[in-house]
Structure formats: structure tokens, C-alpha cells
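1. sequence below, structure please.
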Amino acid sequence: MRLRTTVHRARTGRDEYRVLTVEPGEGRAVLVDGEWWTDLFADRAGARDLAAAWALAARSPRSLIHLPLRSGPAPGCADEHAVLLDLVLLHHGLGFPPSRWKEVRARLSKGGTPHTADLPESDFPAEDEIDYPSHHYAGWRDGLHFTGAARTLFLTGTAQAFRWTGTLVRSLDTRAARLAPTHSCVTLDHAPATPTSRPPKGTSGRLHIAYTPPW
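-> Prediction:
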């Protein structure tokens, strides 16, 4: 998998953050804020780029992976009044507060260094190798946590979380090859820090990622 990015270093106060902004590829992907869940629509090439972004996130514990998806256009299946969002993937250990994102994003237009990441598909385990039973153990930490800020959805997790969920994202491409033009999708859910915790107010706890024929 290959992904073109621009590397930025954005400073806010005494803190500096490394941001890898994914550059537009051949495909399309758009993130739509919904009433009950968030929809991420992608064609086949867009799905491949999404999988590569998940792999890059797993390998980049000190960086924010920024996918500027809200420039659209949205596919016809989306509501005409839909609110479009950007997407950021990041590690728990980075400790980045989403409340700072608006300020950080405003600094990304200043320069940046082009970088192409080559990512092996072997980073993703086979679907039957994902340890689903461990999700129910006390202290389980390998899920994705959802947060929203500044018209952006943040998915925060461990390297393992991005590898496991990346396997599902990558499957969209292979399923689309077999099933197109029928519906093909995967769903990712917010993993609570405690059994009773929920996503922050105003943030959906479900991300529906769907293959959509080119639009």
C-alpha cells in the first residue's frame, strides 16, 4: 500500500505536533455526520487509501494522521443538507486534546514536506486472527475511542486497535471486487473506557464505512 502525505509540524504554545496530512488520491472518500451514526463513504480506490491510512496510524504513535474529507463532494446517497467532517487517527499515548485541533489545523497551510509512505499489507492480521473474545476482558484497551471537535471525528487507539480495525477497512476493497454493485460495508463502534461510559456528547458512537460506486 502506498500513501502520499504532507508532513507538518504545528506549534501551539509550548507544544509541537507532527501532523501527516493525507493527499488526495485517485479515489474518493467522504465523512458524513449523521443523527444516529457517522457515515464514511468510499469508492474502491478511496477504500484502499483509507486502509493505508489505518496502517500508517498503527505505525505512527507520535503523529496525527489527518484525512481532509470534508471538501466533498458527497455521493447522491447522502442527505443534501449533510454536514461533512474531517477524520484524524491518533494514538492514545500522544495525549492530544481534540479541543486544540482547530488551532493546529489552521497552521497546516504553512508549508509542509511531501512524503510517500509504503506500507505492507502484512501489517493487518487475517480476520480470523482478530482476538474478539479479549474485547470483553476487564482492562481491555485495544479499541477505538471516538471524539468530535471542529467538524472532525477523532479515532484514538493503540497500534493493535488500528491493525485490527484496519483489517475490516481493507476488506471493503476485496468485498467490492466480488459484490459490486451490491452494498458492502463494515461498522466500527466506540470502545468505552469503562463498561458504562459513552462517547462525548454530540459524537456518534458508531462509524459506518460503506463501499459506494464512483460518484
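
2. so Asp118 makes contact with Arg4?
-> No. Judged on C-beta atoms under 8 Å, Asp118 makes no contact with Arg4 at a distance of 10.8 Å. Every C-beta, even on glycine, is put in place using the N, C-alpha and C of the backbone.

3. which of those two has more neighbours?
-> A count of neighbours by other C-beta atoms under 10 Å puts Arg4 above the other of Asp118 and Arg4, at 15 against 8.

4. report the buried residues of the lowest-mean-pLDDT helix or strand in the chain.
-> Ranked by mean pLDDT, DSSP states H and E, the weakest helix or strand in the chain is helix 159-179, scoring a mean of 86. Using 16 or more other C-beta atoms under 10 Å as the test for burial, helix 159-179 gives 159-173, 175-176.

5. packing partners of it?
-> Under the contact definition 3 or more C-beta pairs under 8 Å, 6 or more residues apart in numbering; DSSP states H and E, helix 159-179 sits against helix 44-59, strand 184-189, strand 206-211.

6. next one: that helix to chain centre, how far?
-> Taking C-alpha atoms, centre = their mean, to the nearest Å, one finds helix 159-179 lying 12 Å from the centre of the chain it belongs to.

7. quick one, it and strand 206-211 angle?
-> With axes from the mean of the first three to the mean of the last three C-alpha atoms, to 10 degrees as the criterion, the two stretches helix 159-179 and strand 206-211 enclose an angle of 40 degrees.

8. hmm, who's touching helix 159-179?
-> Identification of contacts with helix 159-179 by C-beta atoms under 8 Å, 6 or more residues apart in numbering yields 42, 44, 47-48, 50-51, 54-55, 57-59, 61, 89, 91, 121, 123-127, 130, 142-144, 157, 184-186, 188, 191, 209-211.

9. just the buried ones from the residues you listed, in PyMOL syntax?
-> Restricted to the buried members of the contacts of helix 159-179, where burial is judged by 16+ other C-beta under 10 Å, the PyMOL selection command reads as follows:
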select buried, resi 42+44+47+48+50+51+54+55+57+58+89+91+123+124+130+142+143+144+157+184+186+188+191+209+210+211
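
10. give the rounded mean pLDDT of the strand or helix carrying His115.
-> Here His115 is covered by strand 113-118, with elements defined by DSSP states H and E. Mean pLDDT, computed over strand 113-118, is 96.

11. could I have the CA atoms of it written out in CSV?
-> Presented in CSV, the C-alpha positions along strand 113-118 are these (Å, rounded to 0.1, in the frame of the first residue of the first chain):
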residue,chain,number,x,y,z
THR,A,113,7.2,18.4,3.5
PRO,A,114,5.9,15.8,0.9
HIS,A,115,6.3,12.2,2.0
THR,A,116,5.2,8.9,0.4
ALA,A,117,4.7,6.1,2.9
ASP,A,118,5.0,2.5,1.7
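
12. what pairs with the next helix or strand after it, and is each one parallel or antiparallel?
-> Per DSSP H and E, strand 113-118 leads on to strand 145-149 as the next helix or strand towards the C-terminus. According to DSSP bridges, the neighbouring strands of strand 145-149, each with its direction, are strand 152-157 (antiparallel).

13. from the chain's centroid, how far away is the strand it pairs with?
-> Using C-alpha atoms, centre = their mean, the offset of strand 152-157 from its chain centre is 7 Å.
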